[in-house]
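Asker: need a 3D model of the sequence below.
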Amino acid sequence: MGEVSADVVTLDLLIEARETVRCSPLGVINTPMIPWCQTTLPLNIDCNIHIKLENMQRTGSFKIRGVANQIGRQPKGGLFVTMSAGNYGKSFAYALKHFGSKGKVVMPETAPVSRSILIQSFGVEVERVPTSCLMNVVNRCIKEDNMTFLHSYDDLDLIAGHASLGLELLEAMPEPDVVVVCCGGGGLLAGVAAAIKLSGCNKTRIYGVEPEGACTMYKSYIEKKAVGMDTKSIASGLAPPFAGTLPFKLCQLYVEGIVLVSDEEIKEAVSILYSSGLVVEPSGSATIAAIFNSKIPELEGKNIVCILSGGNIGKDELTNFPN
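Answerer: Residues are numbered from 1 along each chain as shown. Just a heads-up that it's a prediction; the model follows:
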């Protein structure tokens, strides 16, 4: 996408996008936000945590929010291409089928095969390639097949759609002290952070959580520009090869910092959540891993929102986690 200034992301823009998401025929839902004390999850900190259950969202993740705003602004019946490890691709395919459009999802070879099969069930073509080749294949589709590229995280309309989660969160907890959000390319983190800060919650501390082996936003903070790396993590949805340019700009403005969790910590979080009756994929469990392992500073006595971003995990994947 072309360079977009963070200044174009205004509260009016985000409110308009929220209405588009709410009214979308894709059926985006207002997901539950429950107190931690109403679960059987362990907690060794004296604080008030609420969990936002985007794992219960339509198509199983927050991605449908951004897609509802993004594809809703595209001509019907178009031909589209995207790249995704699974969750965006699933929402993308679901939306294309609903609107009668055609498309292709370019997936990294590291993504679970079950997710490729699911996306194909919506009538969308899938091409699996090495992570380093994702953009090369997308560019080929644009040039040779005249497809319109819809970015899975570095896109203004998508980020504005994701911001609906932040605005929705504030309806349940108007002035949170801390909000914890997973971060891959940064689209969700940027959208939620912009929504919260532009709504006037200047004292709210917002943290992104990345896997140690896929910490493109963390490295971007250090280098002061959006950068890429050779990513590898069990949380494939948090492992795109580069951070988004617009997400990075917005995160610089509105996000307190990025914390890192290991794959082992993510695995443990998935297992503990499952044991407590919550089916959450590795990417969606990173925030809980950060809480469990004391990666977020100064939580004592605070009002905290922790977002579980998705629940798309198959039986085949669950066998990789400890009981």
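Asker: tell me who's in contact with the closest residue to Ile71 other than its chain neighbours.
Answerer: Leaving aside its sequence neighbours, Ile71 sits nearest to Ala95 (Cβ to Cβ, 6 or more residues apart in numbering; 4.7 Å). Backbone N, C-alpha and C define where each C-beta goes, glycine included. Contact analysis of Ala95 by Cβ atoms under 8 Å, 6 or more residues apart in numbering lists 26, 64, 67-68, 71, 101.
Asker: what about Val113, neighbour count?
Answerer: Around Val113 there are 13 other residues, counting by other Cβ atoms under 10 Å.
Asker: tell me the pLDDT of it.
Answerer: If you check Val113, the pLDDT there is 85.
Asker: redo the contacts of Ala95 as a markdown table? Include pLDDT, secondary structure and neighbour count.
Answerer: Listed next are those as a markdown table, based on pLDDT from 0 to 100; DSSP: H, G, I helix; E, B strand; the rest coil; neighbours: other Cβ atoms under 10 Å:
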| residue | pLDDT | secondary structure | neighbour count |
| --- | --- | --- | --- |
| Leu26 | 96 | coil | 19 |
| Ile64 | 97 | helix | 28 |
| Val67 | 97 | helix | 31 |
| Ala68 | 97 | helix | 27 |
| Ile71 | 91 | helix | 26 |
| Ser101 | 91 | coil | 20 |
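Asker: quick check: the farthest pair among these?
Answerer: The span of the contacts of Ala95, defined through Cβ to Cβ, is set by Ile64 and Ser101 at 15.6 Å.
Asker: just the element for the residue nearest to Ile71, please.
Answerer: Following DSSP states H and E, one finds Ala95 within helix 87-99.
Asker: next helix or strand past that helix?
Answerer: Per DSSP H and E, the helix or strand that comes after helix 87-99 is strand 102-108.
Asker: which strands and helices lie in contact with that following strand?
Answerer: strand 79-83, helix 87-99, helix 113-120, strand 125-129, helix 134-145 (3 or more Cβ pairs under 8 Å, 6 or more residues apart in numbering; DSSP states H and E).
Asker: ok, of those, where does mean pLDDT dip lowest?
Answerer: Among the helices and strands packed on strand 102-108, helix 113-120 scores lowest, at a mean of 89.
Asker: what's the burial count for the closest residue in space to Phe80 that isn't next to it in sequence?
Answerer: Counting by Cβ to Cβ, 6+ apart, Gly103 is the residue found nearest to Phe80 once chain neighbours are left out, at 3.9 Å. Number of residues near Gly103 (other Cβ under 10 Å) recorded here: 25.
Asker: repeat for Lys203
Answerer: Neighbour count for Lys203, taken as other Cβ under 10 Å: 8.
Asker: can you list the weak-confidence ranges in the stretch 101-250 of the chain?
Answerer: The stretch 101-250 of the chain contains no residues with pLDDT under 70.
Asker: sec struct for the residue sitting nearest the centre point of the chain, please.
Answerer: Nearest residue to the geometric centre of the chain (Cα atoms, centre = their mean): Leu188, 4.6 Å. State at Leu188, reduced to three classes by DSSP: H, G, I helix; E, B strand; the rest coil: helix.
Asker: spit out the contact partners of it.
Answerer: Leu188 touches 62, 66, 153, 162, 165, 181-182, 307, 309, counting by Cβ under 8 Å, 6+ apart.
Asker: format these as a markdown table; extra columns: neighbour count, secondary structure and distance to Gly86.
Answerer: Below are the contacts of Leu188 laid out as a markdown table (neighbours: other Cβ atoms under 10 Å; DSSP: H, G, I helix; E, B strand; the rest coil; distance: Cβ to Cβ, whole Å):
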| residue | neighbour count | secondary structure | distance to Gly86 |
| --- | --- | --- | --- |
| Phe62 | 33 | coil | 13 |
| Gly66 | 32 | helix | 15 |
| Tyr153 | 27 | coil | 13 |
| His162 | 33 | helix | 17 |
| Leu165 | 28 | helix | 19 |
| Val181 | 31 | strand | 18 |
| Cys182 | 30 | strand | 14 |
| Ile307 | 29 | strand | 18 |
| Ser309 | 33 | coil | 12 |
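Asker: which of those residues sits closest to Met33?
Answerer: Nearest to Met33 out of the contacts of Leu188 is Ile307 (Cβ to Cβ; 9.2 Å).
Asker: quick one, helices of the protein?
Answerer: Here the chain has its helices, by DSSP state H, at 11-23, 63-71, 87-99, 113-120, 134-145, 156-172, 187-198, 216-223, 245-254, 263-275, 282-292, 315-318.
Asker: among the ones you listed, which comes closest to Cys37?
Answerer: Using Cβ to Cβ, those put helix 282-292 closest to Cys37, at 13.9 Å.
Asker: so which bits of that closest one are buried?
Answerer: Neighbour counts over helix 282-292 (16 or more other Cβ atoms under 10 Å) mark 282-292 as buried.
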